[in-house]
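>>> Have a look at this fold, sequence not included:
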């Protein structure tokens, strides 16, 4: 009976995950190629995608590995790059409360795309437990990323070619996400603030050091203007 419930959850999650599959396999392949270009085997791609599973951070992690960055630097960079997930996680507490032990994996596997799907208006069929749907949606999305990263690493270690520009794929994804959120957002103040702060920090700290200061300033700005943001959303 329990296996039947799992199958129903998997069937409900699979079609919803297909758009993510299209992006994750391609982006994961790009990550694998970059990792191979730095001299790392497919086992590294598999290990990183299983244990880290953070697209943007994995791209950044390639350079951190290659440059021999310290543990403290890597930890701070990871915190800054993925700080948004703190807010994602808080908003998912109610959705995850009935998942039992599987909620720990759901928290670990929460990505931008998975979060977007779980926050949509879609509701799984009545005979499907929401906990099963959430679990399998998260699992499928990670599997797509793992498959793409391993494929990319195998290609990169087998076929030698110039990988310059491959790392821009993640930048392109962020641009698409930004444009989509700009069009749908109730308030555009966070986006404008983020652009302005990033530009100022880029000019002040330079291209190599602006990321962490800009993330800190953006977080402080959102905190200071949180009442205005809430008020603006309510007015709409």
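On my side now, so go ahead. Keep in mind the model is a prediction, meaning the values are calculated, not measured. Numbering: from 1, shown residues only.
>>> And the protein, split by domain according to the record?
By the record's domain assignment, the chain is partitioned as 2-164, 185-236 (automatic domain parsing).
>>> Now tabulate those in TSV and tack on mean neighbour count and mean pLDDT.
Heads up, the C-betas are built off the backbone N, CA and C, glycines and all. Listed next are the domains of the chain as TSV, based on neighbours: other CB atoms under 10 Å; pLDDT from 0 to 100:
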stretch	mean neighbour count	mean pLDDT
domain 2-164	17	86
domain 185-236	14	74
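>>> now those domains as JSON lines including distance to residue 178?
Below are the domains of the chain laid out as JSON lines (distance: least, CB to CB, whole Å):
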{"stretch": "domain 2-164", "distance to residue 178": "11"}
{"stretch": "domain 185-236", "distance to residue 178": "7"}
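>>> just to confirm, which helix or strand has residue 50 in it?
Assigning secondary structure by DSSP states H and E places residue 50 in helix 42-51.
>>> Go through this structure and flag its longest helix.
Looking across the chain with DSSP state H, the single longest helix is helix 2-37.
>>> Could you check the angle it makes with helix 42-51?
Between helix 2-37 and helix 42-51, the angle comes out at 130 degrees (axes from the mean of the first three to the mean of the last three CA atoms, to 10 degrees).
>>> In space, not sequence, find me the middle residue of the chain.
By CA atoms, centre = their mean, the mean C-alpha position of the chain lies nearest to residue 111, the distance being 3.9 Å.
>>> May I have the residues that are in contact with that one?
Residue 111 makes contact with 53, 54, 55, 141 under the criterion CB atoms under 8 Å, 6 or more residues apart in numbering.
>>> Compute the distance between it and residue 85, please.
Shown here: residue 111 relative to residue 85, a distance of 8 Å by CB to CB, to the nearest Å.
>>> wait, what's in contact with residue 135?
When contacts are counted by CB under 8 Å, 6+ apart, residue 135 is found next to 9, 99, 102, 105, 106.
>>> How far off centre is stretch 82-96?
The gap between the average C-alpha position of stretch 82-96 and the chain average comes to 12 Å, counting by CA atoms, centre = their mean, to the nearest Å.
>>> I'd like to check what contacts that stretch. Which residues are they?
For stretch 82-96, the surrounding residues in contact (CB under 8 Å, 6+ apart) are 54, 56-57, 103, 106-107, 110, 112, 115, 118-119, 130, 134, 215, 219.
>>> Leaving out chain neighbours, which residue sits closest to residue 134?
Here the nearest residue to residue 134 in space, its sequence neighbours aside, is residue 106; by CB to CB, 6 or more residues apart in numbering that works out to 5.7 Å.
>>> mind checking which helix or strand the one you found is in?
helix 102-108.
>>> which other helices and strands contact that helix?
Secondary-structure packing of helix 102-108 (3 or more CB pairs under 8 Å, 6 or more residues apart in numbering; DSSP states H and E): helix 93-96, helix 130-158.
>>> one more time with 10 Å, if that's ok
Secondary structure elements in contact with helix 102-108, counted by 3 or more CB pairs under 10 Å, 6 or more residues apart in numbering; DSSP states H and E, are helix 84-91, helix 93-96, helix 130-158.
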